[in-house]
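# build the 3D model from these lines:
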Amino acid sequence: MTVFIFRRLIQAVIVLLATSVIVFLGVFAIGDPLEILLPGDATAAERAQVAASLNLDAPLPMQYLTFLGSALTGDFGNSFVFNRPALSVIFERLPATLELTTTALVLSLVIGLPLGLWAGTKPQTLVDESVMTGSILGFSLPNFWQGMMLVMIFSVWLGWLPSTGRGETGTILGIRTSFATWDGFTHLILPATNLALAQIALVIRMTRTGVQETMPLDFVKFARARGLSEGRILFVHVFKTILIPIVTVIGVEFGSLIAFAVVTETIFAWPGVGKLIIDSINALDRPVVVAYILVIVAMFIAINFLVDLLYSLLDPRIRGRA
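Numbers count the residues shown, from 1 in each chain. The predicted structure follows:
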């Protein structure tokens, strides 16, 4: 187990280092932030002064080494727009995104697992066909179109739910959250639902496929021969067997939800890091863009590392192949 963890940590460091090089070169090769930060009539002396203060006058390799040395201490530089540490700007917005994505993930599990189990136990029936048709729609409809339809139906036509913003937040166990107030909770429903729809479809299809592939196996027949109830067979024996691929996909998809919540946050004006990165790209706020990408990559790595650990606990044979 120690070797397994050590290998994963080495891989994580290599991925982070490679990502930092690629992202830094890609971001710093695009545009000139001085064109946005300074007025059009700025003098050459003013441009030189601002460039020196932001370390933009140094050669690109030196800029990267300076950036890397600072990043190792948690300093990604000051935001060009907010004039504050880029990391603090991101961490200020990150809780809103984590709240949104966690809610979406919980919705996908609470809705997707039961529907997948239900459809898997009734193959080629009306139940199976109906659930699978719904999952196909969840995969096929564009995320931005779903969001606009949710706003039109539940906010404009029916007037049941607010369409933009995070609403009023409160504190639960010292954490600022929308769940602490009714206003915040109602603001969370539409964006979380929009973000969860594709994940619900994915969980349904994986669970259904796993159940239908597992039910004909010999150990299920043996369990029936022992007189175990269908419920115990399904929820204990079959569910444990199909859990490994579901855990893997859920872990990866949680990272994807965080990284690709941009569209949902933009449609619903949710004040998370997704909306922040769009604004930062438009403003060529390089420190925020680089810090955001590296933070997201680090979260992906951490999530995958935890999934690998859980994977190895569920199936110890994996540790020998890792």
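# the residue nearest the centre of the chain: which element?
Centroid check for the chain by CA atoms, centre = their mean gives Ile258 as the closest residue, at 2.0 Å. Element membership for Ile258, per DSSP states H and E: helix 239-259.
# contacts only, for the residue nearest to the centre of the chain.
97-98, 101, 296, 299 (CB atoms under 8 Å, 6 or more residues apart in numbering). C-betas here are computed from N, CA, C, even on glycine.
# grab the nearest non-local neighbour of Ala259.
Ile296 (5.1 Å; CB to CB, 6 or more residues apart in numbering).
# drop anything exposed from the contacts of Ile258.
Buried members of the contacts of Ile258, counted by 16 or more other CB atoms under 10 Å: 97-98, 101, 296, 299.
# need those in a markdown table (columns: secondary structure and distance to Gly112).
Output for the buried ones among the contacts of Ile258, formatted as a markdown table (DSSP: H, G, I helix; E, B strand; the rest coil; distance: CB to CB, whole Å):
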| residue | secondary structure | distance to Gly112 |
| --- | --- | --- |
| Thr97 | helix | 21 |
| Leu98 | helix | 20 |
| Thr101 | helix | 15 |
| Ile296 | helix | 24 |
| Met299 | helix | 22 |
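# between those residues, which is nearest Leu65?
Distance to Leu65 across the buried ones among the contacts of Ile258 (CB to CB) is lowest for Ile296, with 22.9 Å.
# quick one: the closest one and Val151, what's the gap?
Note on Ile296: its distance to Val151, by CB to CB, to the nearest Å, is 26 Å.
# just Ser178 next, same as before
Counting by CB to CB - Ser178 and Val151 are separated by 18 Å.
# who's more crowded, the two?
Ser178 (24 against 20; other CB atoms under 10 Å).
# OK, contacts around Ile301?
With CB under 8 Å, 6+ apart, Ile301 has these contacts: 12, 15-16.
# just the buried residues out of those, in ChimeraX syntax.
Per 16+ other CB under 10 Å, the buried members of the contacts of Ile301 correspond to this ChimeraX selection:
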select :12
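# mind putting the contacts of Ile301 into JSON lines with distance to Glu213 and pLDDT?
Shown next, in JSON lines, are the contacts of Ile301 (distance: CB to CB, whole Å; pLDDT from 0 to 100):
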{"residue": "Ala12", "distance to Glu213": "33", "pLDDT": "78"}
{"residue": "Val15", "distance to Glu213": "33", "pLDDT": "81"}
{"residue": "Leu16", "distance to Glu213": "37", "pLDDT": "80"}
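# ok, the contacts of Ile301 vs Leu113, which is closest?
Ala12 (29.6 Å).
# low pLDDT regions in the protein?
Within the chain, the stretches with pLDDT under 70 are 1, 4, 27-41, 54-57, 311-322.
# can you give me the strands in it?
Applying DSSP state E to the chain gives strands spanning 170-172, 175-177.
# give me whichever of the ones you listed is most buried.
Ranked by mean neighbour count, these are led by strand 175-177 with a mean of 15 (mean count of other CB atoms under 10 Å).
# before we move on, back to that, how close does the residue nearest to the centre of the chain get to Ile277?
Counting by CB to CB, the gap from Ile258 to Ile277 is 11 Å.
# likewise Gly134?
32 Å.
# okay, those two: which has more neighbours?
Each of Gly134 and Ile277 has its neighbours counted (other CB under 10 Å); Ile277 has more, 22 against 15.
# isn't the more buried one up against Val289?
Yes - using CB atoms under 8 Å, Ile277 is in contact with Val289, at 6.6 Å.
# counting neighbours, what do you get for Leu173?
6.
# then Pro61?
9.
# do the same with Leu217
Leu217: 13 neighbours (other CB under 10 Å).
# give me the phi and psi for it.
Main-chain torsions, Leu217, degrees, to the nearest 10: phi -70, psi 160.
# that one and Thr209, how far apart?
On the measure of CB to CB, Leu217 and Thr209 end up 14 Å apart.
# and what of Asp279?
Relative to Thr209, and taking CB to CB, Asp279 is found at 40 Å.
# swap in Leu161?
34 Å.
# and the strands of the chain as JSON lines, adding distance to Ile111?
Converted to JSON lines, the strands of the chain look like this (distance: least, CB to CB, whole Å):
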{"stretch": "strand 170-172", "distance to Ile111": "24"}
{"stretch": "strand 175-177", "distance to Ile111": "21"}
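# nearest to Leu115, out of these?
strand 175-177 (27.6 Å).
# can you list the residues that contact that closest one?
Here strand 175-177 makes contact (CB under 8 Å, 6+ apart) with 95, 99, 169-171, 184.
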